[in-house]
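1. sequence and predicted model, in that order:
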Amino acid sequence: MHRTRMSMDGLAMGPEKIAKLHRWILINFDLEVGPKITSVYPPLRLSHVEAQNIAFSSFPDSSQFDEGSQTHSFRIRLRNPTGEDWDSDAPRPITVDGFIYGFSCFTRTKDASSKRGYQQTSTVVLTHLAYPSLFYTLISKLGPSFMNHGGPMLEAACHNIASWPDPVPGTNIELGFLGTVIHAEIPNAIETQQSMSALPPSQMGEADIQMLVSVCPSEPPILQYLEAVVSHLWSIWECVVLSEPLLIFGHSPVATSIVVWWLRDLLRPIPLSGDFRPFFTIHDADHAAFVNTRPPQAGLLLGVTNPFFERACEHWPHVLSLGRPQSSRQHSDKNGLVIGPTPGWKSTHKRYTSRDHALLKQLEQACKGSDHAKRLGSEALRQHFTTRTTALLVPLQRYLQSLIPTPSESRSNLANAGRLKPFSDAAFFASLKTHGSPLPFKSKARQREFYERWLRTPAFGLWLARQEEVVQGVLKGMV
């Protein structure tokens, strides 16, 4: 693998500091003059495929501006090193789910000395933690500062992160970073649906930021990317919770990555059963597995910007194209060339639940209103759909209570002590018919059809296994 390394004078941290840094992030590195890694800090061993994936994922497929910067994110699969590696003596990446997450600040500047007339550089933070709100904040601050001040700013950032406390689940912690104090709420588990517990104003400084680390960043408001599909959001939510595959097409990785993280968050507390890629390129090592003539994988959320995917994925059942409503194919790049599908929702899905018409009216007005109205609409949108995801599980949790053995049953059947009774579809649907669901289904028949489909999704099996783990922990303590 060809390598060039830029100077990072002053970047010297001892093993103990680097170990503390790795609790939160894996590396910071810089890519310039196209997708080629030029420097990595702290040292990390990457396979050739991983390094190539990271490099191509750190740059947009096409630039939407002549000069400026933008941030986006990506998720790549870790693979066993083979052949020539980047820094073969360094430690391998940490992972909790088989993936690593990248947060990139792409900068494009005019440069008369360059043949192309500009320089392109990406500064990237890699981490094993799926905390988009936190790491978008970090890269948004670090990227421009590093470009302007170089190695010393990266050193300061690394020392800041090395001084942070451990990311203990279920805690609220203060994280100092480049002159800002971040009040971060860490979820109890990756499937926990986070909600803000506001800090008293007396505990917040002018430069302080309060955040739920696992949710999608609140800026820019998610609604600005969904204006063309506002009336279809209830169908989109149903597809996500039913583990349907979605192709998310945007004009830039900024849009696709934010929307994919937002959709992934709406799934909580249902376990993630499929893959999700905030920004996916044709160079990704998983390209052949995802993009082929076969039906797409269940639960896959694929964020793309390259027009190639419109043709290659034309057999996909659901395509979400981001942007504002357009009367014709006006989606073009900065050179005026038409690219990608018209913003909208193309799907074979037939909706089971009713829309919230009051919220729909609020969203439609917000799309025509101020940025403040879009923020309020975006907040209401997340609250609405997270509430619906929780409501989806109510009939299942009610039936689950009947499957928990009593203490006397557990003591009399030690072989199955701590285990749930077998799940019976017939018994569940009898319970559903009697008690119903808090979700506003169009009819009783559509209600049953929805849950029949949900019980066949891979998400149901994962959810049931998690519930059994919880019940076993409680019952074993009682036996």
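-> Received the coordinates, thanks. Numbers count the residues shown, from 1 in each chain.
2. could you give me the average pLDDT of the strand ranked longest in the chain?
-> The residue-count maximum for a strand in the chain (DSSP state E) belongs to strand 99-110. For strand 99-110, the mean pLDDT works out to 89.
3. strands paired with that strand, and their directions?
-> When pairing is defined by DSSP bridges, strand 99-110 lines up against strand 68-77 (antiparallel), strand 118-127 (antiparallel).
4. out of the ones you listed, which is closest to residue 366?
-> With Cβ to Cβ, the closest approach to residue 366 among those belongs to strand 68-77: 23.7 Å. In this view, the C-beta of every residue, glycine as well, is placed from N, C-alpha and C.
5. what residues of the closest one count as buried?
-> Within strand 68-77, the residues that count as buried by 16 or more other Cβ atoms under 10 Å are 69-77.
6. my read: residue 104 touches residue 71, true?
-> Yes. Between residue 104 and residue 71 there is a contact at 6.6 Å, judged by Cβ atoms under 8 Å.
7. now the common contact residues for those two.
-> Each of 139, 143 lies in contact with both residue 104 and residue 71 under the rule Cβ atoms under 8 Å, 6 or more residues apart in numbering.
8. and the strands paired with strand 99-110, which one averages the lowest pLDDT?
-> When mean pLDDT is averaged over each of the strands paired with strand 99-110, strand 118-127 scores lowest at a mean of 85.
9. packing partners of the helix or strand hosting residue 463?
-> In this structure, residue 463 sits in helix 458-478 according to DSSP states H and E. In terms of contacts (3 or more Cβ pairs under 8 Å, 6 or more residues apart in numbering; DSSP states H and E), helix 458-478 is packed against helix 371-401, helix 407-412.
10. tell me which of those helices sits most buried.
-> Ranked by mean neighbour count, these are led by helix 371-401 with a mean of 17 (mean count of other Cβ atoms under 10 Å).
11. now the angle between helix 458-478 and that one, please.
-> 60 degrees (axes from the mean of the first three to the mean of the last three Cα atoms, to 10 degrees).
12. for helix 371-401, name the packing helices and strands.
-> By 3+ Cβ pairs under 8 Å, 6+ apart, helix 371-401 packs against helix 233-241, helix 253-266, helix 357-368, helix 425-435, helix 458-478.
13. now do 7 Å
-> helix 233-241, helix 253-266, helix 357-368, helix 425-435 (3 or more Cβ pairs under 7 Å, 6 or more residues apart in numbering; DSSP states H and E).
14. quick one: average pLDDT of the first one?
-> I take that to be helix 233-241. 98.
15. let me know the angle separating that helix from helix 371-401.
-> 50 degrees.
16. how about the second one?
-> Counting by the same axes, to 10 degrees, helix 253-266 points 30 degrees away from the direction of helix 371-401.
17. centre of the chain to helix 253-266, how far?
-> Here helix 253-266 shows a centroid-to-chain-centroid distance of 6 Å under the convention Cα atoms, centre = their mean, to the nearest Å.
18. can I get it as PDB, trimmed to CA atoms?
-> What follows is helix 253-266 as a C-alpha-only set of coordinates in PDB (Å, rounded to 0.1, in the frame of the first residue of the first chain):
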ATOM      1  CA  PRO A 253     -23.300  12.100   2.400                       C
ATOM      2  CA  VAL A 254     -24.200  14.900   4.800                       C
ATOM      3  CA  ALA A 255     -27.900  14.100   4.100                       C
ATOM      4  CA  THR A 256     -27.800  10.400   3.900                       C
ATOM      5  CA  SER A 257     -25.700   9.800   7.000                       C
ATOM      6  CA  ILE A 258     -27.900  12.100   9.200                       C
ATOM      7  CA  VAL A 259     -31.100  10.400   7.900                       C
ATOM      8  CA  VAL A 260     -29.800   6.800   8.300                       C
ATOM      9  CA  TRP A 261     -28.800   7.600  12.000                       C
ATOM     10  CA  TRP A 262     -32.300   9.100  12.500                       C
ATOM     11  CA  LEU A 263     -34.100   6.000  11.200                       C
ATOM     12  CA  ARG A 264     -31.800   3.700  13.200                       C
ATOM     13  CA  ASP A 265     -32.800   5.600  16.400                       C
ATOM     14  CA  LEU A 266     -36.500   5.300  15.700                       C
END
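19. what helices or strands is that helix leaning on?
-> Using 3+ Cβ pairs under 7 Å, 6+ apart, helix 253-266 is in contact with strand 68-77, helix 233-241, strand 246-249, strand 276-277, strand 301-304, helix 371-401.
20. so can I have TSV of these showing distance to residue 451?
-> Listed next are the helices and strands packed on helix 253-266 as TSV, based on distance: least, Cβ to Cβ, whole Å:
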stretch	distance to residue 451
strand 68-77	30
helix 233-241	11
strand 246-249	21
strand 276-277	24
strand 301-304	22
helix 371-401	7
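21. for the ones you listed, which one sits closest to residue 17?
-> The nearest among the helices and strands packed on helix 253-266, by Cβ to Cβ, is strand 68-77 at 25.8 Å.
22. for the closest one, what is the distance to the chain centroid?
-> For strand 68-77, the distance to the chain centre is 11 Å (Cα atoms, centre = their mean).
23. kindly report the same for stretch 428-436.
-> The answer for stretch 428-436 is 34 Å, by Cα atoms, centre = their mean.
24. residues in contact with that stretch?
-> Contact with stretch 428-436 is made by 395, 398-399, 448, 451, as judged by Cβ atoms under 7 Å, 6 or more residues apart in numbering.
25. now do the contacts for the nearest residue to residue 50 once chain neighbours are set aside.
-> Leaving aside its sequence neighbours, residue 50 sits nearest to residue 79 (Cβ to Cβ, 6 or more residues apart in numbering; 6.1 Å). Residues near residue 79 by Cβ under 7 Å, 6+ apart: 47, 49-50, 285.
26. just the buried members of those residues?
-> So, by 16+ other Cβ under 10 Å, the buried ones in these are 47, 49-50.
27. now those residues as JSON lines including pLDDT?
-> Below are these laid out as JSON lines (pLDDT from 0 to 100):
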{"residue": "47", "pLDDT": "84"}
{"residue": "49", "pLDDT": "85"}
{"residue": "50", "pLDDT": "87"}
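28. any chance of those residues in a markdown table, plus distance to residue 425?
-> Listed next are the buried ones among the contacts of residue 79 as a markdown table, based on distance: Cβ to Cβ, whole Å:
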| residue | distance to residue 425 |
| --- | --- |
| 47 | 44 |
| 49 | 43 |
| 50 | 43 |
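29. quick one on the thing from earlier: so which of the helices and strands packed on helix 371-401 gets nearest residue 184?
-> helix 253-266 (16.0 Å).
30. now that closest one: mean pLDDT?
-> Mean predicted confidence for helix 253-266 is 97.
31. ok, back up a step: nearest to residue 214, of the helices and strands packed on helix 253-266?
-> helix 371-401 (12.2 Å).
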